[in-house]
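Enquirer: need the 3D shape of this:
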Amino acid sequence: MPAAKAQALFGGLMMIDADPVADATALERITLWALTQYSPVVAMDAPDGIVMDTEGADHLQGGEARMLSGIANRFRAKGLTARIAIADTWGAAHACARAITRETVIVPIGQTAKAVEKLPISALRLPEKTAGDLRTLGFRSIGELSATPRAPLTLRFGPEVGRRLDQMFGRIAEPIDPVRTPELIEVSRSFAEPIGAAETINKYVGRLVVQLVAELQRKGLGVRRIDLIVEKVDGTRQAIRAGTAKPARDVAWLSKLFRDRTEKIEPGFGIEKLSLVAVMTEPLEETQRVSSLVEDGNDDITPLIDLFGNRGQRVYRVAPVASDVPERSVRKIAASADDIEDGWTHHWPRPVRLLAHPDRIEAIALLPDHPPASITWRGKRHRVRRADGPERVFGEWWKRDSELEAVRDYFVVEDDSGQRFWIFRSGDGVDPETGSHRWFLHGIFA
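Expert: So this is what the prediction gives:
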């Protein structure tokens, strides 16, 4: 709307001149960040979006749903609003992300037509004049336009309308030209005759790994995230991403990471080019192996961590945190992180399994300082045979004002069958300001 009208509607409205150049620079920066985090094939979808081919990489994020929610949360933490969509084609994802009001959208495989049929034709990536003329003719949705005979549309508007419809519904390919920077280390091999056999692919991937490692060694770097880009004769691309827990440039190990997954490559009519790209690197110093008459034991579990990580499993370690509140006394760290020298200082026993959230239980207790005589957890009653406690845990008032007077009284209880539980009462049992006086189960002993 005109600026004068906007200022009349909203008092004190701040007006800032648009800066398309700065916006484009910021979008490029976000695109490069997404390349290192989410997908080997990422490109700008100007002026306000990015497009990614996450096939072969979304398992590293825990699947499509977790990946989408993670992206939305990371943008929200930076004060940015993002709309994210996954679909079979670039065109369908572009339309759903811009025309559907939900923050995240996942279009099931093969359901593109149903997902976009009611979306406006403005989401079809047509020139503004063409979209306006189509609206003048009475077209309102993509479904109406796709159901119209193609010949009259082509005669009046040219081939662009039909091309965009075909791209959206996957009738013709729309390859993504991935963003690249001079800092990325990339090696490639083109073939005069297309290849397709798994053995042949593994052979040339191994040769590319040798070239990549030589370049990494020359620059004193080790790779943390590496992409294999497969370009087929039909113009489509397929990508496989592998990661390592520590910087690496071991030829045999990097070759194995891809050899275990090249069976997922679908060569189609043939592969005309293979590329290896080191999208995330870190400094790596040379280490000299000392000769010994006795073979030293190798206790490095990094290869095992890499195998699990590249299968999409979340591998991490638990480190202690200086906190009396049990659920705040641990944190997740990288599986290959340096050892944490700090430890817990508790003298009371702790359960081997701590629940993510305390479970509400029903308890029969005689006095505030006495353990319960019985507890009921998830519909099953447990008669308490032995108990130890209470261990009083105070709230962290220096972090949260609401915990100024909060306390918990923890007990270790054992039932008739020998099961031992870690339970607590919220509050001291007397003063209602200290807690609700409800009982919870927080952990299970071996």
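Enquirer: please enumerate the helices of this structure.
Expert: Using DSSP state H, the helices found in the chain span residues 3-9, 20-37, 64-77, 90-99, 112-116, 128-136, 142-146, 150-157, 160-168, 198-219, 251-259, 302-310.
Enquirer: output the fifth one as PDB - backbone C-alpha positions only.
Expert: By that I understand helix 112-116. C-alpha atoms of helix 112-116 as PDB (Å, rounded to 0.1, in the frame of the first residue of the first chain):
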ATOM      1  CA  THR A 112       1.700 -33.500  -5.400                       C
ATOM      2  CA  ALA A 113      -1.400 -33.000  -7.500                       C
ATOM      3  CA  LYS A 114      -3.700 -33.200  -4.500                       C
ATOM      4  CA  ALA A 115      -1.500 -30.800  -2.400                       C
ATOM      5  CA  VAL A 116      -1.300 -28.000  -5.000                       C
END
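Enquirer: one step back: just name the most buried of the helices of the chain.
Expert: Burial of those is given as mean neighbour count (mean count of other CB atoms under 10 Å); helix 90-99 ranks first at a mean of 23. Any C-beta I mention is one placed from the backbone N, CA and C, and that applies to glycine too.
Enquirer: so what does the worst-scoring helix or strand of the chain on mean pLDDT touch, helix or strand wise?
Expert: Least confident helix or strand of the chain, by mean pLDDT, DSSP states H and E, is helix 302-310 with a mean of 75. For helix 302-310, the elements it packs on are strand 237-248, helix 251-259, judged by 3 or more CB pairs under 8 Å, 6 or more residues apart in numbering; DSSP states H and E.
Enquirer: of these, which is nearest residue 179?
Expert: Proximity to residue 179 (CB to CB) singles out strand 237-248 among the helices and strands packed on helix 302-310, at 13.2 Å.
Enquirer: that older thread, turn the helices and strands packed on helix 302-310 into a markdown table, columns for distance to residue 119 and mean pLDDT.
Expert: Formatted as a markdown table, those follow (distance: least, CB to CB, whole Å; pLDDT from 0 to 100):
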| stretch | distance to residue 119 | mean pLDDT |
| --- | --- | --- |
| strand 237-248 | 26 | 86 |
| helix 251-259 | 39 | 87 |
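Enquirer: and residue 414, how far from residue 379?
Expert: Distance of residue 414 to residue 379, given as CB to CB, to the nearest Å: 20 Å.
Enquirer: so for the two, which sits in the more crowded spot?
Expert: Neighbour count, other CB atoms under 10 Å: between residue 414 and residue 379, residue 414 has more, with 16 against 6.
Enquirer: my read is that the more buried one contacts residue 384, right?
Expert: Yes - look at residue 414 against residue 384 with CB atoms under 8 Å: they come within range, at 7.2 Å.
Enquirer: chain center to the least confident helix or strand of the chain: distance?
Expert: Helix 302-310 has its C-alpha centroid displaced from the chain centroid by 17 Å (CA atoms, centre = their mean, to the nearest Å).
Enquirer: likewise stretch 5-16?
Expert: In terms of CA atoms, centre = their mean, the centre of stretch 5-16 is found 39 Å from the chain centre.
Enquirer: and the contacts of it?
Expert: Stretch 5-16 is contacted from outside by residue 3, using CB atoms under 8 Å, 6 or more residues apart in numbering.
Enquirer: what residues are up against the closest residue in space to residue 146 that isn't next to it in sequence?
Expert: Leaving out its chain neighbours, the residue that sits closest to residue 146 by CB to CB, 6 or more residues apart in numbering is residue 165, at 5.5 Å. By CB under 8 Å, 6+ apart, the contact set of residue 165 is 124, 142, 145-146, 171.
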